[in-house]
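*Asks:* okay, sequence plus prediction incoming.
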Amino acid sequence: MSIFAIADTHLSFETDKPMDSFPGWKDYVKRIEKNWNNLITDNDTVVIAGDISWAMNFDELYNDFKFINELNGKKIIIKGNHDYWWNTLSKLKTFIEENGFDTIRFLFNNSYSVESVSICGSRGWMFDSEEEHDEKVLSREVGRIKTSLESAECEEKIVFLHYPPVTVDSSCDEIITVLKEYGIKRCYYGHLHGSAARLAADGEYEGINFRLISCDRLGFTPLLIK
């Protein structure tokens, strides 16, 4: 039983926003499905770190989640900046229960214990946001990361964020401080694609190992975490 991760699947079965037109993304859905099912077993867990779907609501989301649910393994999902379908945890749980999406769970002010590791995280905040950058949003995300870490039951905690908390030329000090406070040694994030991936901080920073796991960066193949 293993833990894998990937981000930015950007599914669009019911919306007209396929990523195939972008360099390197041709047939990306088929590539995700093939690579995923060749690697992942039903005993494994995959964390999907945001930007799951271009859907705007649950009706548009159905076929995207059906696709995810039918992939091998269990999935833990966090919110990305383009996940406009995201709702209250109660409504999210009702949606997956009513539709029988029994391999999907949400990482939202909570954590999950998998293979003696606590999976923690949130959307995060810092880079290329579509919202106005203000202290209120940052404070909220820092609080959610803390809430997730506080709920962790295992000694080893791995943090997953959508936004990168650090890039080659900047960092979100408030989030870095929380990660250090809780002794986090590994943090995985998405959001950066194509030429923007040049900004990715892959490696150690302030004693924490960071890794970009956006879909195209990983060749549309989930990355083995543990």
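*Replies:* Thanks, I have the structure now.

*Asks:* need phi/psi at the residue located most distally from the centre of the chain.
*Replies:* Most distant from the centre of the chain: E98, at 23.3 Å, with distances by Cα atoms, centre = their mean. The phi and psi values for E98, taken as degrees, to the nearest 10, are phi -70, psi -30.

*Asks:* helix, strand or coil: sort out E14 for me.
*Replies:* Put simply, E14 is coil when judged by DSSP: H, G, I helix; E, B strand; the rest coil.

*Asks:* next, count neighbours for it.
*Replies:* 16 (other Cβ atoms under 10 Å). (C-beta placed from N, C-alpha, C; glycine too.)

*Asks:* likewise K185?
*Replies:* K185 sits with 13 neighbouring residues when counted by other Cβ under 10 Å.

*Asks:* then G143?
*Replies:* 13.

*Asks:* quick check, it in a helix?
*Replies:* Yes. With three-state DSSP as the criterion, G143 is located in a helix.

*Asks:* the most centrally placed residue in the chain bridge partners, please.
*Replies:* The centroid of the chain falls nearest to A49 when counting by Cα atoms, centre = their mean (0.5 Å). Legend: beta-bridge partners of A49 under DSSP bridges are I78.

*Asks:* give the residue spans of the chain that score low on pLDDT.
*Replies:* 127-133 (pLDDT under 70).

*Asks:* re the thing from before, quick one: contacts for the residue nearest to the centre of the chain?
*Replies:* With contact set as Cβ atoms under 8 Å, 6 or more residues apart in numbering, A49 has these partners: 5-8, 78, 80, 121, 160-162, 188-190, 213.

*Asks:* now, among those residues, which is nearest to F58?
*Replies:* When the contacts of A49 are compared for distance to F58 (Cβ to Cβ), G80 wins out at 16.7 Å.

*Asks:* distance of the residue farthest from the centre of the chain relative to K91?
*Replies:* To K91, E98 is 10 Å away according to Cβ to Cβ, to the nearest Å.

*Asks:* ok so, going back, in JSON lines: the contacts of A49, plus neighbour count and secondary structure.
*Replies:* Formatted as JSON lines, the contacts of A49 follow (neighbours: other Cβ atoms under 10 Å; DSSP: H, G, I helix; E, B strand; the rest coil):
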{"residue": "A5", "neighbour count": "24", "secondary structure": "strand"}
{"residue": "I6", "neighbour count": "24", "secondary structure": "strand"}
{"residue": "A7", "neighbour count": "30", "secondary structure": "strand"}
{"residue": "D8", "neighbour count": "24", "secondary structure": "coil"}
{"residue": "I78", "neighbour count": "28", "secondary structure": "strand"}
{"residue": "G80", "neighbour count": "25", "secondary structure": "coil"}
{"residue": "G121", "neighbour count": "28", "secondary structure": "strand"}
{"residue": "F160", "neighbour count": "27", "secondary structure": "strand"}
{"residue": "L161", "neighbour count": "29", "secondary structure": "strand"}
{"residue": "H162", "neighbour count": "28", "secondary structure": "coil"}
{"residue": "Y188", "neighbour count": "22", "secondary structure": "strand"}
{"residue": "Y189", "neighbour count": "29", "secondary structure": "strand"}
{"residue": "G190", "neighbour count": "30", "secondary structure": "coil"}
{"residue": "I213", "neighbour count": "25", "secondary structure": "coil"}
